[in-house]
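Asks: Got a sequence here, can you build the structure:
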Amino acid sequence: MLTSARLAAGLVAAVLALSAALVAAQGAATAYPAKPVRIIVPFPPGGSTDVMGRRIAQELTKSLGQPFVVENRSGMNGSIGSDAVAKAAPDGYTLLVAGVGTNAINQALYPNHPYETVRDFAPIVLFAEGPNVVVVNPGFPAKTLPELVAMAKAKPGHYAFASNGNGSSGRLAMEMIEQATGIDLVHIPYRGGGPAMQDVLGGQVPIYVTNQDAALPHVKASKLRALAVTSAQRNPAYPDVPTVAESGVPGFSAVSWFGLAAPAKTPRDIVDKLNAEVAKVLGRPEFRKQLEEQGFVVAAGTPEEFGAFMKNEVDKWGKAVKASGATID
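Replies: Numbering: from 1, shown residues only. As a prediction, the model looks like this:
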């Protein structure tokens, strides 16, 4: 049997070991980041996800004293870059600009999708939400969404619309509009917002459904005409543009969103540190104003809230994909 002295010595040793472990963990959290951090943007440069990622990276570089470097890794509607993050070391040095396509829609769209959002990612924080907007090249005759619907009904399969990819929220939003109105448009998918915008501005494709911030400067410059926004309410950045619901599709709502995620099993202290830093960024009046002027609804919140939000989005868009019949092999 253990003597009282030996038992006491064992307890002391255990307490010291636990204390050392806690100190080491706290030291690791304090030291993070000790080297540059990669933020994977799973789309080409120029689109909304890329712009959002670069803004956050710039602010985190300032506040945390290490470079947060954006790496564009596109393909498979954003799933290639996202999968790279899902399979990266869970050490806080590879992060993802998560979004509605990569972390909600694609899981239902691809029969053999390489990752699952809820299982393979540690949610950090939701940045912002924003609607898509239906825009047309100024040379296109339709001035409203009902006029576009009337034209499409008169010539089924004649008019084409661009999207940021087969699994993008813009593509699915237009699919839902087509189903609700009984029209048939030709879908032209692009590998991201930058290339799609170039062709719509150039008149190669007349119709486009994209994030409101990407379209806004071109709408203000009269290089694009906005027909409708896809949110349930009108967007402050487009005060005179009706919603899809107001334009003949009651109850319609489909928005895009952006957030920061890490590989599953990333230490909670690192997740909490990043969450707190991004919350500070989103709380800065000038930064917040810039997002709101572009039509974003600034979010923030806890990692748990973002995790619950993503789970709900996976379920919601999964049903939309199934209803649309869209699939990509």
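
Asks: Quick one, grab the pLDDT at Leu20.
Replies: Actually, residue 20 is Ala rather than Leu. pLDDT, Ala20: 49.

Asks: should've said Ala25
Replies: The score at Ala25 is 44. That number is its pLDDT.

Asks: Same question for the one 3 residues further on.
Replies: The pLDDT attached to Ala28 in the predicted structure is 49.

Asks: Next: the one 4 residues further on.
Replies: We have a pLDDT of 97 for Tyr32.

Asks: ok, now Asn77?
Replies: Per-residue pLDDT puts Asn77 at 83.

Asks: any idea how far Glu292 is from it?
Replies: 28 Å (CB to CB, to the nearest Å). Where C-beta positions appear, they are placed from N, C-alpha and C, glycine not excepted.

Asks: For the stretch 151-300 of the chain, just list every one of the strands.
Replies: 160-163, 186-189, 207-211, 225-229, 255-263, 297-298 (DSSP state E, counting those that start in this stretch).

Asks: Could you list the residues in contact with the fourth one?
Replies: With contact meaning CB atoms under 8 Å, 6 or more residues apart in numbering, strand 225-229 is reached by 131-138, 140, 142-145, 148, 212, 215, 219, 235, 238, 241-244, 246-247.

Asks: Burial check on Ala323, number of neighbours?
Replies: As a burial measure, Ala323 scores 12 neighbours (other CB atoms under 10 Å).

Asks: wait, what's in contact with Ala254?
Replies: Neighbours of Ala254 in contact, by CB under 8 Å, 6+ apart: 131-132, 169, 172-173, 176, 230-231, 320.

Asks: Make a markdown table out of these and add pLDDT, distance to Pro123 and neighbour count.
Replies: Rendered in a markdown table, the data for the contacts of Ala254 read as follows (pLDDT from 0 to 100; distance: CB to CB, whole Å; neighbours: other CB atoms under 10 Å):
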| residue | pLDDT | distance to Pro123 | neighbour count |
| --- | --- | --- | --- |
| Pro131 | 90 | 22 | 29 |
| Asn132 | 92 | 23 | 31 |
| Ser169 | 85 | 19 | 28 |
| Leu172 | 88 | 22 | 26 |
| Ala173 | 91 | 24 | 26 |
| Met176 | 86 | 26 | 19 |
| Thr230 | 94 | 24 | 27 |
| Ser231 | 91 | 23 | 24 |
| Ala320 | 80 | 21 | 18 |
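
Asks: Restricted to helices, list these.
Replies: Using DSSP state H, the subset of these located in helices is 169, 172-173, 176, 320.

Asks: Among those, which pair sits farthest apart?
Replies: Ser169 and Met176 (10.2 Å; CB to CB).

Asks: circling back to that earlier point, Ala154: which of the ones in helices among the contacts of Ala254 is nearest?
Replies: Using CB to CB, these come closest to Ala154 at Met176, 21.2 Å.

Asks: contacting residues around the closest one?
Replies: Counting by CB under 8 Å, 6+ apart, Met176 makes contact with 249, 252, 254, 320, 323-324.

Asks: again, but for Val205
Replies: For Val205, the contacting residues are 137, 160-162, 188, 196, 199, by CB under 8 Å, 6+ apart.

Asks: For ChimeraX, write the selection for the buried entries among these.
Replies: Of the contacts of Val205, the buried ones can be selected in ChimeraX as follows, counting by 16 or more other CB atoms under 10 Å:
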select :137,161,162,188,196,199
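
Asks: how far away is the nearest residue to Gly139 once chain neighbours are set aside from Phe140?
Replies: Leaving aside its chain neighbours, Gly139 sits nearest to Gly203 (5.9 Å; criterion: CB to CB, 6 or more residues apart in numbering). Gly203 is 9 Å from Phe140, where distance means CB to CB.

Asks: same check, this time on Val149
Replies: Distance from Val149 to Phe140, by CB to CB: 13 Å.

Asks: can you check Asp50 too?
Replies: According to CB to CB, Asp50 stands 27 Å off from Phe140.

Asks: other SSEs contacting the strand or helix carrying Asp50?
Replies: Following DSSP states H and E, one finds Asp50 within helix 48-64. Applying 3 or more CB pairs under 8 Å, 6 or more residues apart in numbering; DSSP states H and E, we find helix 48-64 packed against strand 37-41, strand 68-72, strand 94-99, strand 121-136, helix 193-201, helix 212-220, strand 255-263, helix 268-283.

Asks: how about 6 Å then?
Replies: On a contact count with 3 or more CB pairs under 6 Å, 6 or more residues apart in numbering; DSSP states H and E, helix 48-64 meets strand 37-41, strand 68-72, strand 94-99.
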